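>>> Give me a 3D structure for the following:
(one chain, ligands or ions: 2)
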Amino acid sequence: MRVHVADHPLVTHKLTVLRDKRTPSPTFRALAEELVTLLAYEATRSVRVEPIEVETPVAQATGLAISDPKPLVVPILRAGLGMLEGMVKLMPNAEVGFLGMVRNEETLQPAIYAERLPEDLSNRQCFILDPMLATGGSLLAAIEYLFDRGAVDVTAVCLIAAPEGLKAVEEATQGRNLTVVLGALDEKLNEVGYIVPGLGDAGDRLYGTV
Ligand code: PRP
Ligand code: URA
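Residues are numbered from 1 along each chain as shown. Ligands and ions are numbered 1, 2, ... in the order given. Below you'll find the model as predicted:
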C-alpha cells in the first residue's frame, strides 16, 4: 500500500476551518469539495493515459488523453458524496459508481446498504472517496468489494485518517495495488471510534443529522 499525506499549507488551512465546530454546513460542503480537488491532483498521478496527436495553431504535437476504460470514481454514501464534485471537476470524463455504507455506531462494523456499480470492473482504475478513515472497516469493505469485482488498481482519497485505521487497511490489503491519499493523518481513535482531533461526524456536518 502506498500512502501519501498532503503536505501543503493550503490543504492544512482548509482542513483547519473544516475541523472548527463552528463552521456551518454550507461552508463545510464548499471546503470539502475544494480539498478534494487539491488531493485529486496527487491521487490521479498514475491515472492511465495514452498518447494522442493534436494540431495546435502552429504545429502538430503529441499529447496525452485518459485511456479507456475510463477511471471509475466511487463516493461512499453518505459523506463521500460531499467529495464527488471536487473530484469530477478535475477529471470530468471519469465514470461514477455509488456504494452506500453505514457504520454501526455500537459495533463499529460497516454494512453495505446500496450499490450502483458496473458489474465487471476488470482492468478498471477506481478512486474511492470517503472523508473519514477511522477504524478502517468501511474503507476496507469498499476496497475488497471493488477488487472482488475485478478492479486492478484502487486509490482511496480521504480527508482525515486515524493511524489505527490506516494500519488495519495496510495489514489487510497486502499484495494489492492500493494507494491512499490523505489530507491529514491525525493522532488517534477515541474509545467510541471517532478520530481525534478529527472533525466529528462528517456526514452530519455535511448534511445535518438524519
Ligand atoms: C463515516 C465515514 C466513513 C466511516 C468511517 O460514515 O464517512 O464511511 O464512518 O469509519 P470506519 O473507518 O470506522 O469504518 P458513517 O458510517 O457515519 O455514514 P455516513 O457517511 O452516512 O454518515
Ligand atoms: N466517521 C466520522 O464521520 N467521523 C469520525 O471521526 C469517525 C467516523
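
>>> So the residue lying farthest from the centre of the chain versus ligand 2, what's the distance?
For the chain, the largest distance from the centre (Cα atoms, centre = their mean) belongs to residue 58, which lies 39.8 Å off. For residue 58, the distance to ligand 2 (Cβ to the nearest ligand atom, to the nearest Å) stands at 51 Å. In short, each C-beta sits where N, CA and C put it, glycine included.

>>> what kind of secondary structure is that residue in?
On the three-state scheme (DSSP: H, G, I helix; E, B strand; the rest coil), residue 58 is labelled coil.

>>> Counting neighbours, what do you get for the closest residue to ligand 1 within the chain?
Closest residue of the chain to ligand 1, Cβ to the nearest ligand atom: residue 203 (2.2 Å). Residue 203: 20 surrounding residues under other Cβ atoms under 10 Å.

>>> just residue 20 next, same as before
Neighbour tally, residue 20, other Cβ under 10 Å: 11.

>>> And residue 87, by the same measure?
Neighbours around residue 87, by other Cβ under 10 Å: 25.

>>> Please list the outside residues in contact with whichever strand or helix holds it.
Element membership for residue 87 (DSSP states H and E) is helix 84-90. If you take Cβ atoms under 8 Å, 6 or more residues apart in numbering as the criterion, helix 84-90 is touched by 32-37, 40-41, 44, 73, 75, 94, 96, 127, 129, 157.

>>> Report the separation between the residue of the chain closest to ligand 1 and residue 131.
9 Å (Cβ to Cβ, to the nearest Å).

>>> cool, and residue 121?
In terms of Cβ to Cβ, residue 121 sits 23 Å off from residue 131.

>>> confidence score at residue 90?
Looking at residue 90, its pLDDT stands at 93.

>>> cool, the one 4 residues further on as well?
Taken from the predicted model, the pLDDT recorded for residue 94 is 96.

>>> give the contact list for it.
66, 70, 71, 72, 73, 87, 88, 127.

>>> Could you export those to JSON lines, including columns for secondary structure?
Formatted as JSON lines, the contacts of residue 94 follow (three-state DSSP):
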{"residue": "66", "secondary structure": "strand"}
{"residue": "70", "secondary structure": "coil"}
{"residue": "71", "secondary structure": "coil"}
{"residue": "72", "secondary structure": "strand"}
{"residue": "73", "secondary structure": "strand"}
{"residue": "87", "secondary structure": "helix"}
{"residue": "88", "secondary structure": "helix"}
{"residue": "127", "secondary structure": "strand"}
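
>>> got a winner among those for most neighbours?
Tallying neighbours with other Cβ under 10 Å puts residue 127 at the head of the contacts of residue 94, with 27 neighbours.

>>> surely that residue meets residue 70?
No. With contact defined as Cβ atoms under 8 Å, residue 127 does not count as touching residue 70 (11.1 Å).

>>> Enumerate the residues of the protein near ligand 2.
Contact residues (Cβ under 6 Å from any ligand atom) of the chain with ligand 2: 132, 134, 194, 195, 198, 201, 202, 203.

>>> Save those residues as a markdown table, and put in secondary structure and pLDDT too.
Listed next are those as a markdown table, based on DSSP: H, G, I helix; E, B strand; the rest coil; pLDDT from 0 to 100:
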| residue | secondary structure | pLDDT |
| --- | --- | --- |
| 132 | strand | 98 |
| 134 | coil | 98 |
| 194 | coil | 97 |
| 195 | strand | 98 |
| 198 | coil | 98 |
| 201 | coil | 97 |
| 202 | helix | 97 |
| 203 | helix | 96 |
